[in-house]
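> structure, please.
(chains A, B and C)
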Amino acid sequence: MTLSIRNQLPGTVTEVHPGEVMATVKVRLSGGQELTAAITLEAVEQLGLAPGTAVSALVKSTEVSLATGRIEGVSIRNQLAGTVTRLVLGEAMATVKVTVEGGELTAAITKDAAGDLGLFVGSDVIALIKSTEVALATA
Amino acid sequence: MTLSIRNQLPGTVTEVHPGEVMATVKVRLSGGQELTAAITLEAVEQLGLAPGTAVSALVKSTEVSLATGRIEGVSIRNQLAGTVTRLVLGEAMATVKVTVEGGELTAAITKDAAGDLGLFVGSDVIALIKSTEVALATA
Amino acid sequence: MTLSIRNQLPGTVTEVHPGEVMATVKVRLSGGQELTAAITLEAVEQLGLAPGTAVSALVKSTEVSLATGRIEGVSIRNQLAGTVTRLVLGEAMATVKVTVEGGELTAAITKDAAGDLGLFVGSDVIALIKSTEVALATA
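Below you'll find the model as predicted:
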């Protein structure tokens, strides 16, 4: 199976908090970081997600933002520390590869943002991912 | 109103599941596929969505992922089978047109992803869309 | 057309930066803030977007994050200052209404995030919106 979703991070479900139609699922990534996914309750049930389930967290590149440092006081649940390993600038958009503990992420951000952040290969960055942008897949 | 949102698929609401703040809405597309949208409860109420309501499902191109086959065990609710009809590669991003039963989709994915999937005009693909990325419009 | 998309902010296009497949479009909102949208080049052409075009910026609630203050060094282009006017907590998710200069925004964030930020009616917040999450509509 080949998927256009660049970011596929392996981990294990640690908590499931079901709401009436949505649920939040906590995942410990194999790199040690904790991730929160907000997915439909139906998906939780159909995938049989429970503490201990092995999953991959899937995040589309266009959903990954970057910051030059960790951010306090923000609703964005997922902040993964990493280092820029590659930077491709287009006319409007840029793609940035970031190595994080246990894997690699791709972020598609505007070229302007890449310039304003002064990103270069070797920059330390924090990848920011809103919980509603994280999908989960079972093996 | 003319929208930049490339993907506008006509259909009919079949189910509404209200939660406390969010709701999931099932839509049967005119092409026969079923789609799930996770939208605010407030939107459901203001649009008066109920089984039988004619709607368009709106999805921004940057929210459409592609796979080379159907995926089991994934939280992503919406998987639409189609065929690539056009592929435009930029430096960082690519846009891919996919004809599905009853309509056409545009996916904006990274150029790398387009390459890794080996997409060409005529490729069979599955368009993946997370429920939280589907908006609905009434006529 | 009535949209489930909660956030519809009127404004005027000030700049269009076309790339090969994507484009960034700057919009001055009627409240005076500047917004950046990353949309497909095709959409720019079909909508005839150019400096002076009257548009609405459309953002799904699930794409709005909140912070307790302005954030430096982040790729997220759009930061709109506002005040919380309503807060509804579900079991998994929460919706937060924020009055910004010239309009109102709804953010759908996790209940945990709402708690961690200590949000209350009257809180000053910054609404964060990634450029790729902004769609544009012409009247």
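> now stretch A:4-21: buried residues?
Within stretch A:4-21, the residues that count as buried by 16 or more other CB atoms under 10 Å in any protein chain shown are A:4-7, A:9-11, A:13, A:16-17, A:19-21. Placement of C-beta: from N, CA and C, glycine included.
> that stretch and chain B, are they touching?
Yes - on the criterion CB under 8 Å from any CB of the partner chain, stretch A:4-21 is in touch with chain B at A:4-6, A:19-21.
> do the same with stretch A:80-87
No - using CB under 8 Å from any CB, stretch A:80-87 stays clear of chain B, with a minimum separation of 9.7 Å.
> go on, stretch A:61-68?
Yes - judged by CB under 8 Å from any CB, stretch A:61-68 comes into contact with chain B at A:61-62.
> now that stretch: how far from the chain's centre is it?
Centroid displacement of stretch A:61-68 relative to its chain, using CA atoms, centre = their mean, to the nearest Å, is 8 Å.
> and stretch A:105-118, by the same measure?
Offset of stretch A:105-118 from its chain centre (CA atoms, centre = their mean): 16 Å.
> go through it and flag the buried ones.
A:105-114, A:116-117.
> now the end-to-end length of it.
This stretch, stretch A:105-118, spans 18 Å end to end (CA to CA, to the nearest Å).
> thinking again about what came up before, quick check: which of the residues of stretch A:4-21 next to chain B are also close to chain C?
By CB under 8 Å from any CB, the members of those lying near chain C are A:19-20.
> which among the residues of stretch A:4-21 next to chain B gets closest to chain C?
Chain C lies nearest to A:G19 out of those, by CB to the nearest CB, at 3.0 Å.
> which ones are touching that closest one?
A:41, B:19-20, B:22, C:90-93, C:111 (CB atoms under 8 Å, 6 or more residues apart in numbering or on different chains).
> same thing with A:A92?
A:110-111, B:90, B:92-93, C:17-20, C:22-24, C:38, C:41.
> measure the nearest residue to it once chain neighbours are set aside to C:T138 for me?
Residue nearest to A:A92 in three dimensions, not counting chain neighbours: C:G19, with 3.0 Å by CB to CB, 6 or more residues apart in numbering or on different chains. According to CB to CB, to the nearest Å, C:G19 and C:T138 sit 21 Å apart.
> ok, now A:V74?
Computed as CB to CB, the A:V74 to C:T138 distance reads 32 Å.
> what about the two, which has more around it?
The residue with more neighbours, out of A:V74 and C:T138, is A:V74; 26 against 16, by other CB atoms under 10 Å in any protein chain shown.
> for that one, which non-adjacent residue is spatially closest?
C:A67 (4.2 Å).
> and that neighbour, how close does it get to C:V125?
Using CB to CB, C:A67 is found at 7 Å from C:V125.
> near chain B, which residues of chain A are found?
With the criterion set to CB under 8 Å from any CB, chain A comes near chain B through A:1-6, A:19-22, A:37-40, A:42-44, A:47, A:58, A:60-62, A:88-95, A:106, A:108, A:111, A:132-133, A:135-139.
> among those, name the buried ones.
A:3-6, A:19-22, A:37-40, A:42-44, A:47, A:58, A:60-62, A:88, A:90-95, A:106, A:108, A:111, A:132-133, A:135-138.
> returning to what we had before: out of the contacts of A:A92, which are inside strands?
Under the assignment DSSP state E, the contacts of A:A92 contribute A:110, B:93, C:17-18, C:22-24, C:38 to strands.
> ok, so of the contacts of A:G19, who is nearest C:V84?
C:K111 (14.9 Å; CB to CB).
> now that closest one, nearest residue through space, not along the chain?
C:A94 is the one closest to C:K111 (CB to CB, 6+ apart), at 4.8 Å.
> does that neighbour touch C:V84 like I think?
No - using CB atoms under 8 Å, C:A94 makes no contact with C:V84, being 10.9 Å away.
> still on that earlier bit, okay, the buried residues of stretch A:4-21 in TSV with pLDDT next?
Shown next, in TSV, are the buried residues of stretch A:4-21 (pLDDT from 0 to 100):
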residue	pLDDT
A:S4	95
A:I5	96
A:R6	93
A:N7	96
A:L9	96
A:P10	96
A:G11	97
A:V13	98
A:V16	98
A:H17	96
A:G19	95
A:E20	94
A:V21	96
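> the residue lying closest to A:Q33 once chain neighbours are set aside and B:N7, how far apart?
Once flanking residues are discounted, A:Q33 sits nearest to A:L80: 5.5 Å by CB to CB, 6+ apart. A:L80 sits 29 Å away from B:N7 when distances are taken as CB to CB.
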